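Undergrad: after the sequence you'll find the predicted model.
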There are 2 protein chains.
Amino acid sequence: MSRESSAAFQRMPGAYPRHLDAGELLFARGDVPWGMFLLETGRVHLRRFGRNGEEMTIATISPGQTFAEASLFSTAYHCDCVADESSRILVFPPRNVLRKIDEDAKFAKSLVHRLAIQLQECRMRSEVRGIRNAEERVTTVLGLRAGKDGCCRLAGTLKQFASEIGLTHEALYRTLSQLEAKGRIKREGRSIQLL
Amino acid sequence: MSRESSAAFQRMPGAYPRHLDAGELLFARGDVPWGMFLLETGRVHLRRFGRNGEEMTIATISPGQTFAEASLFSTAYHCDCVADESSRILVFPPRNVLRKIDEDAKFAKSLVHRLAIQLQECRMRSEVRGIRNAEERVTTVLGLRAGKDGCCRLAGTLKQFASEIGLTHEALYRTLSQLEAKGRIKREGRSIQLL
DNA sequence: CGTCACATTGATGCCTCTCAAAGCTTGTGG
DNA sequence: CCACAAGCTTTGAGAGGCATCAATGTGACG
């Protein structure tokens, strides 16, 4: 989900744009991969369902990020992709991407780079999920996401945020309340300030 | 940690072998990346330490797998790498790898492939960590690791396995006992048979 | 044979999940 | 513009499960 050098993608032959309405499903787990994607505007997220039907958010995608690269070498998508809001994406058919990799070393390198970044982000998420204490988990995630000013603006709802970090929304609400009561954070709508 | 096409790696100019004794540290979190690696023989694992000093196993590497690819574009390693047993590895200096990517499209593609596989594995681990129930988590992991015969041979100790799946070793021992008592698994030393 | 780390089991407590209820926000249609 | 609905946010009460601390058994290795 690198944000750099999307130019090489946009120029790719065979790429085409697509619009998604809020709530629309781009692909479902099990589908034969028919593309990797670049989000131009809007917001989408990747999700899976556990045994008991509970939704797990795997990642939230912001404009400029690519996603579903890993499906290039797969026989099926491993998760669902749903639009959180009305979104515009670019679709890159796997065949074209694979050909482009062979032809354009610069492109291949940028793809390797993007995957490397995603891998590190994924490891970070995985590590965060290993933190059992809710308060520590929340502050860790906020610290990772916050800019230099220590402020973190959430893209979606708190409920979605809870799902992303692997907490129930109730637990998240309570934890945020406690943190605020302790003076460790300050909330203003969807922005959270670390203190 | 793809196991295929390591030939292209071994032929890379600038690559050199290295031996690791059991317990030896290959690189530490924070070090400036000086290579990515291919494990030839032995076993190593990637780890990080949490706030309270508890060790978290990020991944266990088996012969034929490459690791630390993501460091190619980083300014520092994000975890430690330790040899579990006496091991032999091949070292690929980042500069050589990056040059090879530019020159050799086939190599670049194989690297993209390896990263894609690792990303999916990482997502799987992340998902597994989202399973709160110990029994379900253990059976899920065993199911993922087991071959067609439903048998899963652990590379390391049960304690290491517990660390990999994010449980305390006590919890793992208890869970395995219960599963065995219920007749859902059968243990024989380090092999676990799913029933 | 002694040491050390792993494996196992017991007791206890805390933390998060779960179920529940009510207030709040947002959007939609009449 | 209002009223209603739907979903988010918030708080409460209770229970279950895993972490934690503790003690002992077991195996490998020098």
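TA: It's in. This is a predicted model, so every value here is computed, not measured.

Undergrad: contacts and neighbour counts: CA atoms only from here.
TA: Noted.

Undergrad: and stretch A:119-129 with DNA strand C, contact?
TA: No. Judged by CA under 7 Å from any atom of the strand, stretch A:119-129 makes no contact with DNA strand C; its nearest approach is 10.2 Å.

Undergrad: which residues sit against that stretch?
TA: A:137, A:140-141, A:165-166, B:56, B:58, B:70, B:115, B:118-119, B:122-123, B:125-126, B:129-130 (CA atoms under 8 Å, 6 or more residues apart in numbering or on different chains).

Undergrad: could you check whether that stretch is close to DNA strand D?
TA: No. Stretch A:119-129 is not in contact with DNA strand D by CA under 7 Å from any atom of the strand; minimum separation 11.3 Å.

Undergrad: packing partners of whichever strand or helix holds residue A:57?
TA: Applying DSSP states H and E as the criterion places residue A:57 in strand A:55-61. For strand A:55-61, the packing partners by 3 or more CA pairs under 8 Å, 6 or more residues apart in numbering or on different chains; DSSP states H and E come out as strand A:44-49, helix A:158-165, helix B:105-129.

Undergrad: does any bit of the very next helix or strand once past it sit next to chain B?
TA: Helices and strands here follow DSSP H and E; after strand A:55-61, the next one along the chain is strand A:66-67. No. Strand A:66-67 is not in contact with chain B by CA under 8 Å from any CA of the partner chain; minimum separation 11.3 Å.

Undergrad: ok, strand A:66-67: who's next to it in the sheet?
TA: strand A:36-41 (antiparallel) (DSSP bridges).

Undergrad: lowest confidence element among the helices and strands of chain A?
TA: When the helices and strands of chain A are scored by mean pLDDT, DSSP states H and E, helix A:7-10 comes last with a mean of 75.

Undergrad: mind listing what's buried in the strand holding residue A:57?
TA: Within strand A:55-61, the residues scored as buried using 16 or more other CA atoms under 10 Å in any protein chain shown are A:56-61.

Undergrad: and for stretch A:89-102?
TA: For stretch A:89-102, using 16+ other CA under 10 Å, the buried residues are A:89-94, A:97, A:100-102.

Undergrad: sort out for me which of those are in strands.
TA: A:89-92 (DSSP state E).

Undergrad: who does residue A:89 form a beta bridge with?
TA: Beta-bridge partners of residue A:89, as defined by DSSP bridges: residue A:18, residue A:39.

Undergrad: tell me the contacts of it?
TA: Taking CA under 8 Å, 6+ apart as the test, what residue A:89 contacts is A:17-20, A:37-41.

Undergrad: just among those, which is most surrounded?
TA: If you count neighbours using other CA atoms under 10 Å in any protein chain shown, the busiest of the contacts of residue A:89 is residue A:38, which has 25 neighbours.

Undergrad: that one contacts residue A:67, correct?
TA: Yes. Using CA atoms under 8 Å, residue A:38 is in contact with residue A:67, at 6.5 Å.

Undergrad: do you know how far the nearest residue to residue A:37 once chain neighbours are set aside is from residue A:28?
TA: In space, and not counting its chain neighbours, residue A:37 is closest to residue A:91: 4.9 Å by CA to CA, 6 or more residues apart in numbering or on different chains. Here the criterion is CA to CA, to the nearest Å. By it, residue A:91 lies 15 Å from residue A:28.

Undergrad: how about the residues of chain A by DNA strand D?
TA: Checking chain A against DNA strand D by CA under 7 Å from any atom of the strand, the hits are A:132, A:157-160, A:169-171, A:173-174, A:177.

Undergrad: the host helix or strand of residue A:173 close to chain B?
TA: Using DSSP H and E, residue A:173 sits within helix A:169-181. No. Applying CA under 8 Å from any CA, one finds helix A:169-181 out of contact with chain B, separated by at least 14.2 Å.

Undergrad: which residues does the closest residue in space to residue A:111 that isn't next to it in sequence contact?
TA: Spatial nearest neighbour of residue A:111, chain neighbours left out: residue B:112 (7.1 Å); criterion: CA to CA, 6+ apart. Each residue near residue B:112 by CA under 8 Å, 6+ apart is listed here: A:108, A:111-112, A:115.

Undergrad: make CSV from those residues and add distance to residue B:9 to it.
TA: As requested, the contacts of residue B:112 are exported to CSV (distance: CA to CA, whole Å):
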residue, distance to residue B:9
A:108, 17
A:111, 19
A:112, 15
A:115, 19
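
Undergrad: tell me the one of the residues you listed nearest DNA strand C?
TA: residue A:115 (29.1 Å; CA to the nearest atom of the strand).

Undergrad: residue ranges in chain A under the pLDDT threshold?
TA: A:1-6 (pLDDT under 70).

Undergrad: run the last query once more with 80
TA: A:1-10, A:51-53 (pLDDT under 80).

Undergrad: which residues of it lie near chain B?
TA: Checking chain A against chain B by CA under 8 Å from any CA, the hits are A:50, A:56, A:58, A:69-71, A:73, A:98, A:101-106, A:108-109, A:111-113, A:115-120, A:122-123, A:125-127, A:129-131, A:166.

Undergrad: only the buried subset of these, as a ChimeraX command please.
TA: Remark: buried members of the residues of chain A next to chain B, expressed as a ChimeraX selection using 16+ other CA under 10 Å:
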select /A:56,58,69,70,71,101,102,104,105,106,108,109,111,112,113,115,116,117,118,119,120,122,123,125,126,127,129,130,131,166
